Structure formats: C-alpha cells, structure tokens
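Colleague: Fold the following and give me the result.
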Amino acid sequence: MQFEAFVHEVHALILSVRRMPKPVIAGVRGAVAGFGMSLMMATDLALAADSAYFTLAYTLIGVSPDGGSTFSLPRIVGQKKAMEIALLGERFDAASAERLGLVNRVVPSASLDAETGKLAARLAAGPTAVYARTKALVNGSLKRDARIAAPARGRGVRAERLGARFPGRPRGFRRESASRNSRAASRCCRSKACAWSSSRTW
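Modeller: Modelled structure (predicted):
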C-alpha cells in the first residue's frame, strides 16, 4: 500500500506540473535518471549544467518506465530515438540532451542557479495571462489535430499593454493594463511557482 501511494503521488505531481497555469522551469545537474528524467520532461523549459548526465534507466532495474515518460519522450525525441533511450538505458551527456531537445540550454554548472533564476524572472515580468493560455494550447496540441487547434488559438487570448498602441484592432479586442500585468507578475514571483530548480535529480 505504501508503494502504491508513492506511485499515485508522483504521477499526480507530473499532472500538476503540466496543468499549472505558469511556466515551470527545471534546472538540473548531476544524475538525471529514472523519475527525475520523467519530471524534467514534464516541465516547460529545462536548463542543464554542463556536468549533468541522463539515463531513463528503468529497464536496467527490470521495470517499465513510469512518470509519464512514455508519453513525453517520443513526443520530444521521436519514436525510434525514444525506443533506444527506453530500451537500452544508456547514459548520455548534457550536450546530447540539448541536441535531442530534452533541454533548452546547457550552462556552466556554477551558473545554473543564476541562469535559472534569470529565466524565471523574465517570465514573471512578462504577459503571464498569455503565457498560461499559450502553455495550455501547446500542451493541448499533443491531443488535438490541426482542425481543432486552429480556431482555438484565438480564444481567451488577450494582448497585454506593452506601451504600444494597436491601430485597427477588431471589435472586442481587450488589453490588460500595465498595473494589472505588474500585479500578476508580482504574484508569480512571490509564489515562486514558475521556477523549479533541483541541484540533483533522481
């Protein structure tokens, strides 16, 4: 029962990361293996230290992959490469992870925390409502075909006021005020929910 409860909790965590209306950033160093790799793949952006290494590892201990990795991995690297990573469990470095699209950037290990924090601050200061809708649309595109996704792009998206005027805007066009955007960014910063950083991921 204790193991079953643990499995339920970790899968609930993956769903929470994907459904959270804020961008979630992973900052990883050291060993990124097993569920740690599954969790990293569920985030929206990922930075890796140049010393990080990666392996899905499940088959090496005689179990099938979990943590949503069989959903995320083929959608990131393609079916054939996902099969190779999942079946063989081979270790690969941060540069390879970046080339495969598993991480967005590789940075010096000493700079990882600072670079992750800078990226989080940039997002927190941006149009947070639009980020939330964009995240929902991109994640939703994995389950929809183009005919459904195309009309969905315009629904619920507001243009945020960035100090510029928008001539010829259509009827019903709405702009959020700068002060409202600032309050949203402030809430995001205070909650620290838009950034997740781990010094070591298992």
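Colleague: How is the chain partitioned into domains?
Modeller: 2-112, 124-191 (automatic domain parsing).
Colleague: secondary structure class for residue 66?
Modeller: Classification of residue 66 by DSSP: H, G, I helix; E, B strand; the rest coil places it in coil.
Colleague: I figured it was touching residue 35, is that so?
Modeller: Yes. If you go by CB atoms under 8 Å, residue 66 and residue 35 touch, sitting 6.9 Å apart. All C-beta atoms are positioned from the backbone trio N, CA, C, and that covers glycine.
Colleague: which residues are common contacts for those two?
Modeller: By CB atoms under 8 Å, 6 or more residues apart in numbering, residue 66 and residue 35 have these common neighbours: residue 10.
Colleague: okay, those two: which has more neighbours?
Modeller: Ranked by neighbour count (other CB atoms under 10 Å), residue 66 and residue 35 place residue 35 first, with 22 against 15.
Colleague: backbone phi and psi for residue 48, please?
Modeller: Backbone geometry at residue 48, expressed as degrees, to the nearest 10, gives phi -120, psi 140.
Colleague: got the contact list for it?
Modeller: By CB under 8 Å, 6+ apart, the neighbours of residue 48 are 27, 28, 29, 32, 94, 97, 98, 103, 105, 106, 107, 112.
Colleague: cool, and residue 75?
Modeller: By CB under 8 Å, 6+ apart, residue 75 lies in contact with residue 142.
Colleague: Work out for me the element it sits within.
Modeller: Secondary structure from DSSP states H and E places residue 75 in helix 69-77.
Colleague: That helix: what's the following helix or strand?
Modeller: Taking DSSP H and E, what comes next after helix 69-77 is helix 79-88.
Colleague: What helices and strands are in contact with that following helix?
Modeller: Applying 3 or more CB pairs under 8 Å, 6 or more residues apart in numbering; DSSP states H and E, one finds that helix 79-88 contacts helix 69-77.
Colleague: relative orientation of the helix it packs on and helix 79-88 in degrees?
Modeller: For helix 69-77 against helix 79-88, the angle by axes from the mean of the first three to the mean of the last three CA atoms, to 10 degrees is 140 degrees.
Colleague: In helix 69-77, which residues are buried?
Modeller: Buried residues in helix 69-77, counted by 16 or more other CB atoms under 10 Å: 69, 70, 72, 73, 74, 77.
Colleague: Identify the residue nearest the first one in space, chain neighbours excluded?
Modeller: Ranked by CB to CB, 6 or more residues apart in numbering and with sequence neighbours excluded, the top spatial neighbour of residue 69 is residue 38, at 4.1 Å.
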